[in-house]
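Asker: build the 3D model from these lines:
(one chain, ligands or ions: 2)
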Amino acid sequence: MSLVDLAGQLQRQDFKDIPIIDLSNARSNSVDARRKVAIEVRNACLNAGFFFVQNHGVPKHVVQGGFDAAKVFFEQDNQVKESVDISKSDNFRGYMKLLSGNANPESKGDLHEAFNLGLDPSLDAAPRGHKTSEGLSHSDNLWPTVEVWKGAASFRQAVLGYYSAVLTLGQSLFPLFALALDLPEDFFADKVQHPAAIMRLLHYPGTPKDRQKEENPGIGAHTDYECFTILAQGGVPGLQVMNRKGDWIDAPYIPDTFVINIGDQFARWTNDIFVSTPHRVLPPTQTRYSIPFFFGCDHDVPLIPPPTCITEDRPQKYPVVTAGAYVHSRLSETYTVQQEEKVA
Ligand SMILES: O=C(O)CCC(=O)C(=O)O
Ligand SMILES: [Fe+2]
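Answerer: Ligands and ions are numbered 1, 2, ... in the order given. Presented below is the predicted three-dimensional model:
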């Protein structure tokens, strides 16, 4: 069956749970073994748009280091947090306080605080420079200094250690996505050298049930903007995924796994063969940490659907834009909504 026909079939089927995919064989020398993993990835990307990965190669202590760093950062007083406030960045980097974001524009503030960073110049062997006409581009991150916080250096080291390991995991998934799309395994290799990967440390304070309000979700229903998201849940579950009936399915906490979900950039790039599925987090009753890593391709890559994603019956749906311009416009929409709400 052709990829497009299979997509038609799987996109009509509902899902009740999220598949778990073992990535051990993604690193196998046997192409048949790699293909088997890619078939599981393909079924997940065409159906739920979500899957867990286990045996992903990111060491446990690196993940723990990321969560420990998040916990100590969010425990700091406002002076430390404000020293890296997002208002000091022209590129969505830095600290966002509680209720300052709305993943769903209908909400009145999401009940989480965040620290955002992008590909740090110190991790990029050949940085492509700062803002370009493509819109979103690379820039320095906002790091607290040791003058304001004596833990600043170890925070930075742990966060970058996590970022770098998850970046490598993200790059290693592209050959699987390529096989899943019936493309040569190296199809994406030259398109993910300087990825537009934004990572966020998220802290959802515990909120007793009787104080929860619908207009303040943990993170409101939304889809992600980039190719895919690699999410670590720090022990307390909370993520929910919408199935086709409109029911919310729990994405449980499964130790030593990441949740991967397709974002809008990949859906657009693949002519909606891959599905980008709405998800949310309700306010948890216990303190919750999570670390989403949004993996986009290089900013200057035009999102031209690969030939396997187009047929006579399924012509190209969207005009071609570059990846950077696309993500920048989506981020700007979200941020404009917030600014208008502040003024109102
Ligand atoms: O915290 C989570 O589990 C999900 C976060 C999320 O969906 C996002 O940041 O886009
Ligand atoms: Fe998300």
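Asker: now residue 245: closest residue in space, sequence neighbours ignored.
Answerer: Using C-beta to C-beta, 6 or more residues apart in numbering and skipping residues adjacent in sequence, the residue nearest residue 245 is residue 14, 5.9 Å away. Using the backbone N, CA and C atoms, a C-beta is placed for each residue, glycine as well.
Asker: near the one you found, how many other residues are there?
Answerer: Residue 14 is flanked by 11 other residues according to other C-beta atoms under 10 Å.
Asker: identify the residues contacting it.
Answerer: Residues near residue 14 by C-beta atoms under 8 Å, 6 or more residues apart in numbering: 243-245.
Asker: go again with 10 Å.
Answerer: 47-48, 243-245, 247, 249 (C-beta atoms under 10 Å, 6 or more residues apart in numbering).
Asker: tell me what whichever strand or helix holds residue 260 is packed against?
Answerer: Counting by DSSP states H and E, the element that carries residue 260 is strand 258-262. Judged by 3 or more C-beta pairs under 10 Å, 6 or more residues apart in numbering; DSSP states H and E, strand 258-262 is in contact with helix 31-46, strand 50-54, helix 152-180, strand 228-233, strand 239-242, strand 288-295.
Asker: neighbouring strands of it in the sheet, and parallel or not?
Answerer: strand 50-54 (antiparallel), strand 228-233 (antiparallel) (DSSP bridges).
Asker: so which residues of this structure form helices?
Answerer: 3-12, 31-46, 60-75, 78-82, 152-180, 264-269, 323-343 (DSSP state H).
Asker: what about the residue of the stretch 51-200 of the chain found nearest ligand 1, distance to residue 114?
Answerer: In the stretch 51-200 of the chain, the residue that lies nearest ligand 1 is residue 200 (5.8 Å; C-beta to the nearest ligand atom). Residue 200 sits 5 Å away from residue 114, going by C-beta to C-beta, to the nearest Å.
Asker: got any residues that touch both of those two?
Answerer: 70, 96, 101, 292.
Asker: can I get the helices of the chain in TSV including mean neighbour count and distance to ligand 1?
Answerer: Converted to TSV, these look like this (neighbours: other C-beta atoms under 10 Å; distance: least, C-beta to the nearest ligand atom, whole Å):
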stretch	mean neighbour count	distance to ligand 1
helix 3-12	16	21
helix 31-46	19	17
helix 60-75	17	11
helix 78-82	15	18
helix 152-180	19	14
helix 264-269	24	11
helix 323-343	16	11
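Asker: nearest residue to residue 242 in space, please, no chain neighbours.
Answerer: residue 278 (4.4 Å).
Asker: these two touch, right, the one you found and residue 249?
Answerer: No - between residue 278 and residue 249 no contact is recorded; they are 11.1 Å apart, counting by C-beta atoms under 10 Å.
Asker: about what we covered before: format the shared contacts of residue 200 and residue 114 as CSV; extra columns: pLDDT.
Answerer: Shown next, in CSV, are these (pLDDT from 0 to 100):
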residue, pLDDT
70, 98
96, 95
101, 89
292, 98
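Asker: for these, which two are the farthest from each other?
Answerer: 70 and 101 (16.4 Å; C-beta to C-beta).
Asker: what sits against residue 175?
Answerer: Taking C-beta under 10 Å, 6+ apart as the criterion, residue 175 is in contact with 26, 34, 37-38, 183-189.
Asker: so the residue of the stretch 151-300 of the chain found nearest ligand 1 versus residue 30, what's the distance?
Answerer: When scored by C-beta to the nearest ligand atom, the stretch 151-300 of the chain has residue 290 as its residue closest to ligand 1, at 3.4 Å. Remark: distance between residue 290 and residue 30 (C-beta to C-beta) = 35 Å.
Asker: thank you, goodbye.
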